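S.K.: no sequence on this one, just coordinates:
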Ligand code: HEC
């Protein structure tokens, strides 16, 4: 009986951990941030441009480099290469980092949300 109770408790703890798994304890869900802040304009699917370019495999890619998307001159001329660092700065203040960008987004003020959404677009 004691053993059964122990296992029962274990299963409950495991179920609890699994329920919380998508966001983790106290962590921000990158997918949720993406769906709330980015999805209206962006897809992470390859080749799927909307208002904004596809964000498929964006890390390591030079800014403004998808040939099927019509970027602003400002972004193409920015010389940026997307990394966790450049994305963090751009997402915090798009117009501040690339003056004249066509990305009409005021910026994501919360650093934890930026880190989470960058991790999500790096491996959706
Ligand atoms: C209102 C529409 C809109 C929203 C919301 C938006 N974007 Fe954009 N985004 C754009 C457009 C348009 C561009 C192209 C900008 C240009 O050409 O200057 C862009 C460009 C980008 C780029 C550069 C891609 C490349 O190929 O160089 C990244 C990265 C990006 N957005 C990430 C995000 C993320 C992450 C979010 C959410 C936190 C977001 N965007 C929210 C419209 C949007």
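M.R.: Cool, got the structure. Please read these numbers as outputs of a predicted model, since none were measured by experiment.
S.K.: am I right that residue 90 sits in a strand?
M.R.: No - assignment of residue 90 by DSSP: H, G, I helix; E, B strand; the rest coil gives helix, placing it outside any strand.
S.K.: next, count neighbours for it.
M.R.: 24 (other CB atoms under 10 Å). Glycine gets a C-beta too; all of them are placed from N, C-alpha and C.
S.K.: look up how far residue 74 lies from it.
M.R.: Applying CB to CB, to the nearest Å, the value for residue 90 to residue 74 is 12 Å.
S.K.: give me the common contacts of the two.
M.R.: Counting by CB atoms under 8 Å, 6 or more residues apart in numbering, the common neighbours of residue 90 and residue 74 are residue 98.
S.K.: could you pull out the helices for the chain?
M.R.: Counting by DSSP state H, the segments of the chain that form helices are 2-20, 30-37, 73-76, 84-92, 94-97, 111-122.
S.K.: mean pLDDT lowest for which of these?
M.R.: When the helices of the chain are ranked by mean pLDDT, helix 2-20 comes last with a mean of 46.
S.K.: how about the residues of the chain by the ligand?
M.R.: 37-38, 40-42, 51-53, 55, 58, 63-64, 66, 71-72, 74-75, 82, 87, 91, 101-105, 108, 117, 121 (CB under 6 Å from any ligand atom).
S.K.: which of those are buried?
M.R.: 37-38, 42, 52-53, 55, 58, 63-64, 71, 74-75, 82, 87, 91, 101, 103, 105, 108, 117, 121 (16 or more other CB atoms under 10 Å).
S.K.: could you check the pLDDT of residue 28?
M.R.: pLDDT, read off for residue 28, is 92.
S.K.: for it, which non-adjacent residue is closest in space?
M.R.: Excluding its sequence neighbours, the residue lying closest to residue 28 (CB to CB, 6 or more residues apart in numbering) is residue 116, at 4.1 Å.
S.K.: just residue 44 next, same as before
M.R.: Closest residue to residue 44 apart from its sequence neighbours, by CB to CB, 6+ apart: residue 124 at 4.3 Å.
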